[in-house]
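>>> would you be able to build a 3D model of this:
(one chain, ligands or ions: 1)
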Amino acid sequence: MANEKFDMIVVGAGPAGASCALTAAQAGLKVLLIERGEYPGAKNVMGGVLYRKQMEEVVPEFWKEAPLERPVVEQRFWVLGEESLFNVGYKGMEWSREPYNNFTVLRAKFDQWFANKAVEAGALLITETVVLECIVEDNRVVGVRTDRPDGEVYADVVVLCDGVNSLLGKKLGFHKELRPDEVALAVMEVMDLPAAKIEERFNLEPNQGCTIEIFGDATKGILGTAFLYTNKDSINIGVGTTLSGLIKAKIRPYDLLEYVKNHQMIKPYIKEAKPAEYAAHLIPEGGYHSIPKIVGNGVILCGDAAQLVNAIHREGSNMAMTSGRLAAETVALAKQANDFSENMLDTYRTKLMDSFVGQDLKKYKDVTHTFESFPQYFKDYMPMVNKAASDFFTVDGTPKREKQKKILASFTEGRGKWQTFQDIYRAWKVMK
Ligand code: FAD
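Numbers count the residues shown, from 1 in each chain. You can find the predicted model right below:
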């Protein structure tokens, strides 16, 4: 590899890296994609929902050939109590046919396929290779140093898609160590279960999927959610909460996952399912305020490395793909102008911030910090939802008007009317 020069080196073959390498190769750039895993996806973890729109912008009609699990036709939201469940959701058959809405995927299969699309388009992929650092000359990134013998490679631009910790971005001084309130620690299991059982339990036809986001008791009052997603013949079950919340509550993440798995409302769904894989991973959930410097001379950061995750809507892979695509398009322009300066590459940052990525992260810019600073939302109000539903649906001879009054009063009982009003206003303000 020594002394070989590329137009672009992409570090990391997750959704951001594969999308970037594919788009750049299609634009005629000479691209090197470097992945530390044995193969793309070997080390990658995700709950499993892949969004059609942003994927299609990179590979049109990908569903005709990509290794997908099930198109999601139903999204449920549960609020768990210790022995109750409040349920809302939406099921739509328009999501069961082209062009679909989103799909469940297993990353080990999906990432391999996606990176291979970049290879088919002309990118060179090397695996089992760790990029140790960026090579910086005259205040400009000019390549990368890998753990291979003679492992220095050069390029006009290096795109860092190396995931949430982005040690490479950190070495460049673009960001500091992530704070525990900026990241969620998620643990999950893939559990094998025959397709027929999945369809029976989740009320699905073959080739239909369901996702369930679980709030309330699933996280023991810590800011976060659990999830249950259907694959073809397995289920993904997991729970993710802020690291700071776990530390404060002194709860070990795998104990929380065991609690979720054994909850009486969840256990029947995974009965007889066999654990196949176990994984733990950080999710960058600091949002807009945590986005680091993402452009420098000869270098761009994408995806989780740029902290692009919308925790409210559990969107990360789509933001990764869009950022990768925009980075590649910017480098193609830079190549035409033969200008790889920070000033030129800043087009990427502008396009990203103008896109749904920047707009959505800006909209929710204070959500994580607010819910983290005011734990009453997850600790007090969530259980009230279940209590209110129980009261509402219990037929006990209480006149309905009186019942409604009691339910409304129960919301203000613990914290008082004024505090409750302030809590509602604050939540509305950060979510609006
Ligand atoms: P990654 O997918 O992390 O890829 C980074 C790649 O870089 C890896 O392949 C890694 O091996 C490689 N790499 C790192 N360092 C180096 C190095 N020095 N040299 C070479 N290679 C390197 N998002 C959704 O859209 N939907 C979901 O349902 C969802 N659920 C999630 C559930 C969990 C439990 C977790 C942890 C995340 C979830 N996310 C979800 C978020 C989503 O997984 C990420 O936002 C997305 O994977 C980011 O893609 P990426 O390419 O930026 O980074």
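>>> does any bit of the longest helix that the chain contains sit next to the ligand?
The longest helix of the chain (DSSP state H) is helix 317-337. Yes - applying C-beta under 6 Å from any ligand atom, one finds that helix 317-337 is in contact with the ligand at S317, N318, A320. The way it works is simple: take the backbone N, C-alpha and C, and place the C-beta from them, glycine included.
>>> any idea of the pLDDT on the first one?
This means S317. For S317, the pLDDT comes out at 98.
>>> swap in the last one?
Per-residue confidence at A320 stands at 98 (pLDDT).
>>> give the contact list for it.
By C-beta atoms under 8 Å, 6 or more residues apart in numbering, the contact set of A320 is G14, P15, A16, S19, C161, C302, G303, D304, L308.
>>> could you report the neighbour count for the closest residue to F174 other than its chain neighbours?
Nearest residue to F174, sequence neighbours excluded (C-beta to C-beta, 6 or more residues apart in numbering): K293, at 4.3 Å. Look at K293: counted by other C-beta atoms under 10 Å, it has 15 neighbours.
>>> check the secondary structure at K293 for me.
Secondary structure assignment for K293 (DSSP: H, G, I helix; E, B strand; the rest coil): coil.
>>> for it, what are phi and psi?
Main-chain torsions, K293, degrees, to the nearest 10: phi -60, psi 130.
>>> that one contacts H175, doesn't it?
Yes - using C-beta atoms under 8 Å, K293 is in contact with H175, at 7.1 Å.
>>> for the stretch 51-200 of the chain, what lies in contact range of the ligand?
Contacts of the stretch 51-200 of the chain with the ligand, taken as C-beta under 6 Å from any ligand atom, map to V130, V131, C161, D162, G163, L168, A186, M188.
>>> for V357, give me its contacts.
Contact analysis of V357 by C-beta under 8 Å, 6+ apart lists L308, M319, T322, S323.
>>> do you know how far it is from the ligand?
From V357 across to the ligand, the span is 11 Å (C-beta to the nearest ligand atom, to the nearest Å).
>>> now do F6
Separation of F6 from the ligand (C-beta to the nearest ligand atom): 15 Å.
>>> tell me how many other residues surround that residue.
That count, for F6 with other C-beta under 10 Å as the rule, works out to 22.
>>> coming back round to it: quick one: which of the residues of the stretch 51-200 of the chain next to the ligand is most hemmed in?
Using other C-beta under 10 Å as the neighbour test, those are led by C161, with 32 neighbours.
>>> my guess is that residue contacts V299. True?
No - applying C-beta under 8 Å, one finds C161 not in contact with V299, separated by 11.7 Å.
>>> next up, the contacts around I283.
Contacts of I283 (C-beta under 8 Å, 6+ apart): V164, V183, A184, L185, A186, G240, D304, V309, A311, G316.
>>> same question but for R76, I mixed them up
Contacts of R76 were listed using C-beta under 8 Å, 6+ apart, and they are N87, V88, G89, C210, T211, I212, E213.
>>> quick one, phi/psi of it?
Torsion angles, degrees, to the nearest 10, at R76: phi -110, psi 150.
>>> for it, name its beta-bridge partners.
Beta-bridge partners recorded for R76 (DSSP bridges): G89, I212.
>>> same deal with A280?
With DSSP bridges as the rule, A280 is bridged to V187.
>>> for it, give me the pLDDT.
In this model, A280 carries a pLDDT of 96.
>>> again, but for F393
94.
>>> please apply the same query to the one 4 residues further on.
Note on G397: pLDDT of 95.
>>> swap in T368?
85.
>>> CA-only coordinates of the strand or helix carrying it in PDB, if you can.
T368 belongs to helix 367-373 when elements are defined using DSSP states H and E. C-alpha atoms of helix 367-373 as PDB (Å, rounded to 0.1, in the frame of the first residue of the first chain):
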ATOM      1  CA  VAL A 367     -34.300  17.100  24.600                       C
ATOM      2  CA  THR A 368     -31.700  14.700  25.900                       C
ATOM      3  CA  HIS A 369     -30.300  17.300  28.300                       C
ATOM      4  CA  THR A 370     -33.700  18.300  29.600                       C
ATOM      5  CA  PHE A 371     -34.900  14.800  30.200                       C
ATOM      6  CA  GLU A 372     -31.600  13.900  31.800                       C
ATOM      7  CA  SER A 373     -31.700  17.000  34.100                       C
END
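>>> please consider this matter closed, and thank you.
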